[in-house]
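**Q** Any chance you could fold what I've pasted below:
(one chain, ligands or ions: 1)
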Amino acid sequence: MPSPAYHAPDTITGAIALLAADPSALPLGGGTDLIVQMRSGRIAPGAVIDLKRIEGMSGVRREGDVFVIGAATPCSALKGDAAFSAAWPGVVEAANLIGSVQVRNRATMAGNLCNASPAADSVPALVAAGATCVIAGPGGVRQVPVEAVPVAPGRTSLGPGEFVVEFRLPVPREGGGDAYLRATPRTEMDIAVVGTGVCLVLDAAGTCMAARVVLGAVGPTVMLVEEAGAALVGSRLDDDVLAAMSRAVQAASNPIDDKRGTVSYRKAMAGVLARRAALIAAGRAQAVRGISR
Ligand SMILES: Cc1cc2nc3c(=O)[nH]c(=O)nc-3n(C[C@H](O)[C@H](O)[C@H](O)COP(=O)(O)OP(=O)(O)OC[C@H]3O[C@@H](n4cnc5c(N)ncnc54)[C@H](O)[C@@H]3O)c2cc1C
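**A** Predicted coordinates for the structure are as follows:
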């Protein structure tokens, strides 16, 4: 592996300048995808720009009604933030399914997103939560929904020299709950053949007021299935409604057929996991409200 230059700027401006100076340079988060790809010869950047020393890019903080997660925050650190874990347990569980403890101590959700694997675990949960990301680059700063970043396997909508600075998640609405579930051929250290993130809001009577149902690994990019969310709204998540939601999920799924899972298996599992995730999210919302069904 040819050695790229290594830079660790301590400001966002410095990172922008370094990325602009070498068009082949790439941002470095935890390196758990980037270093593997460099070692295998898939990519050969002239420089890697380590974002971890930039002030404000590591850690979770609250700014008014928004949780801000620095893009260089390792996944394992999310669990350590009690307020964030209570607010978004589905996002925290998704980030903590990635790899092993060692991997999660390095890996970031920004790297998970920008690697643009359709099977990235944290991305469906972030999309279900309605997260946005703040992107900086030579043209300034912009904010986009997380689902606008991956455009194809291995490709993002980020322009030359742009990088993710932080994720922004709203403080959940009263009666909100989220969950993420995945299916893997092996129990540990495997990537999802299906991932489902669900976020919903229940009113005081247990009726679903809003729902976002999101799929990973069953299409070229993460998929927000609006018909599935709409199927839940106005209901108390009875069996008929959950069956309609599962059908919407299966109809939207467009998976590949490979040795890790057939098309029919992935479609069937997408429906099953979305139903289970919806019930877990509802249980969490009810626990917060103290509703019994
Ligand atoms: C053993 C092993 C097991 C794994 N298991 C899983 C798993 O179960 N689920 C799963 O989803 N993934 C898994 N992965 C993949 C990987 O760990 C994750 O995708 C991880 O979240 C990547 O984050 P990172 O910070 O290490 O990214 P890096 O490797 O640093 O970067 C990945 C890509 O994103 C770019 N990038 C990084 N940060 C930014 C930023 N802030 N802005 C713009 N671009 C950026 C880099 O230039 C690179 O192209 C596994 C990897 C390994 C090695």
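
**Q** so what does the longest helix seen in the chain touch, helix or strand wise?
**A** Counting by DSSP state H, the longest helix found in the chain is helix 263-289. Counting contacts by 3 or more C-beta pairs under 8 Å, 6 or more residues apart in numbering; DSSP states H and E, helix 263-289 is packed against helix 89-95, strand 176-183, strand 194-202, strand 208-216, helix 239-252. (Glycine included, C-beta is placed from N, CA and C.)

**Q** do that again at 7 Å, thanks
**A** Using 3 or more C-beta pairs under 7 Å, 6 or more residues apart in numbering; DSSP states H and E, the elements in contact with helix 263-289 are strand 176-183, strand 194-202, helix 239-252.

**Q** Is Ala44 within a helix or a strand, and which one?
**A** Here Ala44 sits in a region with no helix or strand, counting by DSSP states H and E.

**Q** err, Val48, not the other one
**A** strand 47-50.

**Q** How many neighbouring residues does the residue in the chain positioned nearest to the ligand have?
**A** Closest contact between the chain and the ligand, by C-beta to the nearest ligand atom, is at Gly111 (1.9 Å). Other residues within reach of Gly111, judged by other C-beta atoms under 10 Å, total 26.

**Q** which element is it on?
**A** Counting by DSSP H and E, Gly111 is part of helix 109-114.

**Q** Tell me which residues are up against that helix.
**A** Defining contact as C-beta atoms under 7 Å, 6 or more residues apart in numbering, one finds that helix 109-114 is touched by 29-30, 32-33, 69, 71, 75, 95, 98, 120-123, 126, 146, 149-150, 156, 158, 164, 167.

**Q** Where does the record place the domain boundaries for the chain?
**A** Per automatic domain parsing, the structural domains of the chain span 1-50+58-171, 176-288.

**Q** How far does the last one stretch from one end to the other?
**A** It refers to domain 176-288. Length of domain 176-288, first residue to last, C-alpha to C-alpha, to the nearest Å: 8 Å.

**Q** quick one, what contacts the closest residue to Val225 other than its chain neighbours?
**A** Among residues not flanking Val225 along the chain, Ala252 sits closest, at 4.4 Å (C-beta to C-beta, 6 or more residues apart in numbering). Contacts for Ala252 (C-beta under 7 Å, 6+ apart) come out as Leu215, Met223, Val225.

**Q** out of those, who's nearest Cys133?
**A** Distance to Cys133, by C-beta to C-beta, is smallest for Met223 among the contacts of Ala252, at 17.8 Å.

**Q** one step back: is it possible to export the helices and strands packed on helix 263-289 to TSV including mean pLDDT and distance to Gly229?
**A** Output for these, formatted as TSV (pLDDT from 0 to 100; distance: least, C-beta to C-beta, whole Å):
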stretch	mean pLDDT	distance to Gly229
strand 176-183	97	12
strand 194-202	98	8
helix 239-252	98	8
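
**Q** near the ligand, which residues of this protein?
**A** 26-34, 36, 51, 71, 97-99, 103, 106-108, 110-112, 114-115, 120-121, 163-164, 189, 191 (C-beta under 6 Å from any ligand atom).

**Q** Quick check: next helix or strand after the helix holding Gly111?
**A** Using DSSP H and E, the first helix or strand after helix 109-114 is helix 122-128.

**Q** Arg142 and Thr132 touch, don't they?
**A** No - between Arg142 and Thr132 there is no contact under C-beta atoms under 7 Å: 10.0 Å.

**Q** who has more neighbours, those two?
**A** For the pair Arg142 and Thr132, the greater number of neighbours falls to Thr132 (21 against 13), based on other C-beta under 10 Å.

**Q** Quick check: which ranges of the protein have low pLDDT?
**A** 1-2, 289-293 (pLDDT under 70).

**Q** for the residue nearest the centre of it, what are its contacts?
**A** Closest to where the C-alpha atoms of the chain average out (C-alpha atoms, centre = their mean) is Val123, at 1.8 Å. Applying C-beta under 7 Å, 6+ apart, we find Val123 in contact with Asn112, Leu113, Val146, Gly216, Val222.

**Q** now do 8 Å
**A** Met109, Asn112, Leu113, Val146, Pro150, Gly216, Val222 (C-beta atoms under 8 Å, 6 or more residues apart in numbering).

**Q** what's the answer for Leu51, then?
**A** Ala15, Pro27, Leu28, Gly29, Met57, Ala71, Ala72, Phe163.

**Q** Separate out the buried members of the residues you listed.
**A** Buried members of the contacts of Leu51, scored by 16 or more other C-beta atoms under 10 Å, are Ala15, Pro27, Leu28, Gly29, Met57, Ala71, Ala72, Phe163.
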